[in-house]
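S.K.: 3D model of this:
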Amino acid sequence: MHSRFLITLLAAAAVAPQLAAEDCEWPAATDAPPPPAAGADGIAVADPAKLPIKVTSGGAEVTRQGDATLRDGVVVEQGDRRLSARSATYEAATERFDVEGDVEYSAPNLRLKGASGYWNAAGGGQFTGTEFELPERPARGSAAVFGMTTTGELNLREVSFTACPIGNDDWFLRAASIDIDQRSQQGKGRNVRIELKGVPILYAPLISFPVGDARKSGLLFPSFGTSNKSGFELGVPYYFNLAPNYDLTLAPQLLTRRGFGMDGQFRYLNGIRADRADGIYLRNFTTQIYEFNAVYALETDGFVFDRLLSRWVDEYAYLSFACDHALYESVDGYGAADSVIYPGSGADIYKTATHADANLRARQGTEIRNSTGRHAAGGYSGTAGNSPWVHNSRFFKNQTGLATESIFGGHPGMPQDHGLFENNLIYNNNKNY
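M.R.: Numbering: from 1, shown residues only. Alright, predicted model coming up:
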């Protein structure tokens, strides 16, 4: 029942107090996008309405039109979804079940209990007097009305939500209403407040927020907490969606024992990205602290990375993909969360050659020489990295020194069938970073 989008909403709101209890968590936003085909309640199937429906009950009256009155315990099952109630009526024309009494609904990422409601095979419906759990987080809450449409809208009324376990009510988010439009990837909350230990500490009459992978400039929910050194701490962050590949968050802060301050985070996806930039030459500079890659060449015929240093990136320090006539000369990198050097899907020059005919000293797609990969998740890697000539280089003090493979799909040139590695030093790896 759109539980994926409810999770995203509550994570995107970022109401993440530094909780008094260590076992209370705020649900983190998922990095992975939702499945490309999903039912109205987030079940990844091509067409939920076409899955068979199984109905059992203690007693039933069925008309010639296929309508039914069900009683004495009703269970409706469709794939991984299960709906149960004391009694129900079924309308064949719309495949709609109206349920009453001890209503329970379950799906892989949602459990819900309510007093009454309706549901149809396409996934739309509405339940009243609900309590819900998101077991994958874990998180829980309640809503006077929990409704959804088959086109992707989610409507909650009189909502309460917390990530604290049952029996621990340290904090709650409460809202008069929350509405999410899956297609526009926008959501709105009205009369939103946060309670800590039962005391309201924040109120907003209206909030607008993106869901899914969308981004939107605007105020984020404050962060707050207490400490012996700083006293009460309050930060009010503002998010600037500056461009598709970079953004900025500024957060003025109040610390009652220390005064005012400012916190900020600037994120840039790639330091330098060269797309089909044949003949590019990059020489003698340092890159650091990027969300993705420091230096990235894509589908480029002819490039040189010469005497570069890269440090502290979230993916690759130096990445080339589907390139030819490439040279890495005396590059150095450390602190990469993936590999320092990654020549992926290189030119498959010797695809039909025998091992004896594949003379990479005469012609190679990518030459890597006198280079270093250190203190990173990987020194060197390359999926389907054909035609590399890696020599006189060092890979040390990484989790993995060198890995080249044909495991991950979706890479041109699979499988990797040739490469030349010689006169390299690969040592003191298998570090636990």
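
S.K.: domain assignment for the protein?
M.R.: Following the assignment in automatic domain parsing, the chain carries domains at 3-50+113-216, 269-427.

S.K.: how about CSV for the ones you listed, with distance to G231 and mean neighbour count added?
M.R.: C-betas here are computed from N, CA, C, even on glycine. Below are the domains of the chain laid out as CSV (distance: least, Cβ to Cβ, whole Å; neighbours: other Cβ atoms under 10 Å):
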stretch, distance to G231, mean neighbour count
domain 3-50+113-216, 13, 18
domain 269-427, 31, 19
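
S.K.: low-confidence ranges, the stretch 151-300 of the chain, go.
M.R.: 152, 182, 185, 209-214, 221-222, 224 (pLDDT under 70).

S.K.: could I get the full set of strands for it?
M.R.: Using DSSP state E, counting those that start in this stretch, the strands of the stretch 151-300 of the chain run over 153-162, 171-181, 186-196, 199-210, 218-219, 223-227, 231-235, 238-243, 246-255, 259-268, 272-275, 280-283, 286-290, 295-298.

S.K.: next, format those as TSV and append distance to W312.
M.R.: Formatted as TSV, the strands of the stretch 151-300 of the chain follow (distance: least, Cβ to Cβ, whole Å):
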stretch	distance to W312
strand 153-162	35
strand 171-181	34
strand 186-196	34
strand 199-210	28
strand 218-219	29
strand 223-227	24
strand 231-235	24
strand 238-243	21
strand 246-255	17
strand 259-268	12
strand 272-275	16
strand 280-283	19
strand 286-290	5
strand 295-298	14
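
S.K.: for the ones you listed, which one sits closest to G101?
M.R.: Among the strands of the stretch 151-300 of the chain, the nearest to G101 by Cβ to Cβ is strand 153-162 (20.9 Å).

S.K.: what about the strands in the stretch 1-150 of the chain?
M.R.: Taking DSSP E, counting those that start in this stretch to define them, one finds strands in the stretch 1-150 of the chain at 54-62, 68-78, 81-85, 87-91, 96-107, 110-120, 125-134, 139-148.

S.K.: okay, the ones you listed in CSV with mean pLDDT next?
M.R.: Formatted as CSV, those follow (pLDDT from 0 to 100):
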stretch, mean pLDDT
strand 54-62, 91
strand 68-78, 91
strand 81-85, 90
strand 87-91, 92
strand 96-107, 91
strand 110-120, 90
strand 125-134, 89
strand 139-148, 88
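
S.K.: could I get the ones you listed as a markdown table with distance to G385?
M.R.: Formatted as a markdown table, the strands of the stretch 1-150 of the chain follow (distance: least, Cβ to Cβ, whole Å):
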| stretch | distance to G385 |
| --- | --- |
| strand 54-62 | 50 |
| strand 68-78 | 45 |
| strand 81-85 | 44 |
| strand 87-91 | 58 |
| strand 96-107 | 41 |
| strand 110-120 | 42 |
| strand 125-134 | 40 |
| strand 139-148 | 42 |
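
S.K.: bridging residues for the closest residue in space to E329 that isn't next to it in sequence?
M.R.: In space, and not counting its chain neighbours, E329 is closest to D306: 4.6 Å by Cβ to Cβ, 6 or more residues apart in numbering. Note on D306: beta-bridge partners R283, E329, judged by DSSP bridges.

S.K.: residues in contact with E299?
M.R.: 275-276, 321-323 (Cβ atoms under 8 Å, 6 or more residues apart in numbering).

S.K.: do L83 as well
M.R.: With contact taken as Cβ under 8 Å, 6+ apart, L83 is in contact with 75-77, 97, 99, 103-105, 119.

S.K.: rerun that using 6 Å as the cut-off
M.R.: Each residue near L83 by Cβ atoms under 6 Å, 6 or more residues apart in numbering is listed here: 76, 105, 119.

S.K.: for E104, same thing?
M.R.: Residues near E104 by Cβ under 6 Å, 6+ apart: 84, 113.

S.K.: I'd like the numbering to begin with 123 instead of 1 from here.
M.R.: Let's use 123 as the start, then, which means that last one is E226.

S.K.: one step back: in JSON lines, list the domains of the chain along with distance to T178.
M.R.: Output for the domains of the chain, formatted as JSON lines (distance: least, Cβ to Cβ, whole Å):
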{"stretch": "domain 125-172+235-338", "distance to T178": "16"}
{"stretch": "domain 391-549", "distance to T178": "42"}
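
S.K.: quick one: closest of these to P374.
M.R.: P374 lies closest to domain 125-172+235-338 among the domains of the chain, at 15.3 Å (Cβ to Cβ).

S.K.: next up, phi/psi of the closest residue to L173 other than its chain neighbours, please.
M.R.: Excluding the flanking residues, the one nearest L173 by Cβ to Cβ, 6+ apart is G201, at 4.6 Å. Backbone torsions for G201, taken as degrees, to the nearest 10, come to phi 60, psi -130.
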